[in-house]
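Visitor: model the structure of this input:
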Amino acid sequence: MTAHSDPFEDLPGGLMIWVLIASEMLVFGAGLAAFLAMRITDPAGFLAAQAALHPGRAGVNTCVLVTSGLAAALAARAGLEARRAQARCWLAAAAGLGVVFLAIKSSEFADLVAQGISTETHVFFTFYYLLTGFHAAHVVAGIVLLAALGLRCRAEAVEAGCAFWHMVDLVWVLLFPVLYLLP
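Guide: Model (predicted):
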């Protein structure tokens, strides 16, 4: 080890992807903190609004997204081991599961809208649509990123893209219990 070694050179994907991930986590964390602060002001209203959600679908979506994270991890490993064909297959699987996630989330949004539930219905739904919609936008970005990574399949880039995808997974793992399960 040299006296001038870069402490960030061993970060998977490089420093900038981690700056992006940290900033995104701060944004989602602020949204969740604001949601929880508002929940304290109207616990009964939040609980009643929460009853309109579909925790079963959200639970399935959690399994789908966590499984996609496994596929992304396997893609990163295959990329690092120079198994490009396998990396591409795992990237496709992760992206495909991301599409499944979006399809399930879209059906939930459509059901809520059909019930006349909008951001104006209750502050719970303002936060619900904001947080889950912003997350869905990240899922779309992640799917595009995973697909692009599959084209060139360079190990460092795959590793960085998969780190972003894991952030998307982590955000959902935080949103799911707070929005759907918190009594």
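
Visitor: packing partners of the host helix or strand of R88?
Guide: Assignment of secondary structure by DSSP states H and E places R88 within helix 84-114. Counting contacts by 3 or more Cβ pairs under 8 Å, 6 or more residues apart in numbering; DSSP states H and E, helix 84-114 is packed against helix 55-80, helix 123-152, helix 155-176. Where you see a C-beta, it was placed from the backbone N, CA and C, and this is true even at glycine.

Visitor: now, of those helices, which is deepest in the fold?
Guide: A comparison of the helices and strands packed on helix 84-114 by mean neighbour count, using mean count of other Cβ atoms under 10 Å, puts helix 155-176 on top with a mean of 21.

Visitor: how about that helix as CSV, C-alpha atoms only?
Guide: Extracted C-alpha coordinates of helix 155-176, given in CSV (Å, rounded to 0.1, in the frame of the first residue of the first chain):
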residue,chain,number,x,y,z
ALA,A,155,-17.1,-5.4,-16.4
GLU,A,156,-16.6,-2.0,-14.7
ALA,A,157,-19.7,-0.5,-16.3
VAL,A,158,-21.8,-3.6,-15.5
GLU,A,159,-20.7,-3.3,-11.9
ALA,A,160,-21.6,0.4,-11.7
GLY,A,161,-25.0,-0.2,-13.3
CYS,A,162,-25.7,-3.0,-11.0
ALA,A,163,-24.8,-0.8,-8.0
PHE,A,164,-27.5,1.6,-9.3
TRP,A,165,-30.0,-1.2,-9.6
HIS,A,166,-29.3,-2.3,-6.1
MET,A,167,-30.1,1.2,-4.9
VAL,A,168,-33.4,1.0,-6.7
ASP,A,169,-34.0,-2.3,-4.9
LEU,A,170,-33.1,-0.9,-1.5
VAL,A,171,-35.3,2.1,-2.0
TRP,A,172,-38.3,-0.2,-2.6
VAL,A,173,-37.4,-2.3,0.4
LEU,A,174,-37.7,0.9,2.5
LEU,A,175,-40.8,2.2,0.8
PHE,A,176,-42.8,-1.1,1.0
